[in-house]
Structures are given as C-alpha cells and as structure tokens.
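>>> Based on what follows, work out the 3D shape:
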Amino acid sequence: MAKYEYKFSKNELAKVKEMIGNKEKIIFYFMGYADRNFIIAKEEMITKNCCSCTVSHAFYWGADHFKFFQYFSGLDSVLPQKIRIGLNFIKNIVDSDEFKIKLSTVYLTGFSLGGHIAGMIGHELKKIYNGKMVAAVWGNLNIEFR
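I've put the predicted structure just below:
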C-alpha cells in the first residue's frame, strides 16, 4: 500500500465509485497545451471497455500575448502540483478495496504537456510501488516545424 499525502473522504470515495462503477480498467487522458481533443479518450473508453478520465489543466489567462510567458514560467510551480494530485487520485483508487482497478489496469496517456505529465506520473508510481508499473503510458508530443 502506498503512502498517502491525501486520502479520499467517504463522500469523495462514494462519488468516485459512482463514476468508475465496476470497471476493471481506467485510462487517464492528460490534456496538453491548447489541447481540446476528447476524441482519443472517448475512443479508448469505448474500445477498451474501461473508465476514461480526462484531466484538464490551465497555465495561463488573459491576453494572448501573455499566454506563452505564463505557460513557461508556470511550469516550475504548477507542474509538481499536477503530478501530486494525479498520483494521489490514482493511489486512492488502486489501494482501495472498493474498486476492481489495480495498478496493472491503469493506463496513462496525454498530448503534448499531458504526455509529459503521464510519463512523470507513471515513473513516480513505479517508485512508489517498488518497481510495479501501470499497464501502459502513451504520449503524443506536439512538434511543429516551420
């Protein structure tokens, strides 16, 4: 069992159980910078008969010319929090007797920055669970050549 920074309350656990139901697999799709593509998560949910969680995060606000500055300057302060939140959510599910989901039936996927987050969470889970790993980590990086 993993060490927790945060543990679900009974009400939170009931809400998560309602969302997941009796599914044995779960996919976390971490959105990327300017990513609005929910189609991949939907396709995976349908074809793999699993619960699919889309995780969105915002790094910037305001006028367009400030977005890149906020995005890159916010990575150092915001990214570790995103990883901790994802880790704790997954640990609460995997370690609970309330769910059929185990570490070996967790899938992590993401686009652009979301791909990095998926990889970092997978790496941290491997350390926490003494070398045991999630089923798969998929990342799609957004590279543009101009």
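>>> would you list every one of the helices in this protein?
All helices of the chain, identified by DSSP state H, fall at 10-20, 39-48, 64-94, 113-128.
>>> Relative to residue 135, how far out is residue 75?
27 Å (Cβ to Cβ, to the nearest Å). Every residue, glycine included, has its C-beta placed from N, CA and C.
>>> ok, back up a step: quick check: which of the helices of the chain is buried the most?
helix 113-128 (a mean of 20; mean count of other Cβ atoms under 10 Å).
>>> Report all helices and strands that it contacts.
strand 26-30, helix 64-94, strand 106-111, strand 136-140 (3 or more Cβ pairs under 8 Å, 6 or more residues apart in numbering; DSSP states H and E).
>>> Lowest mean pLDDT across those, which one is that?
The minimum mean pLDDT among the helices and strands packed on helix 113-128 belongs to helix 64-94 (a mean of 78).
>>> And stretch 93-113, end to end?
Start-to-end span of stretch 93-113 (Cα to Cα, to the nearest Å) is 24 Å.
>>> quick one: buried residues of it?
93-95, 99, 101-103, 105-113 (16 or more other Cβ atoms under 10 Å).
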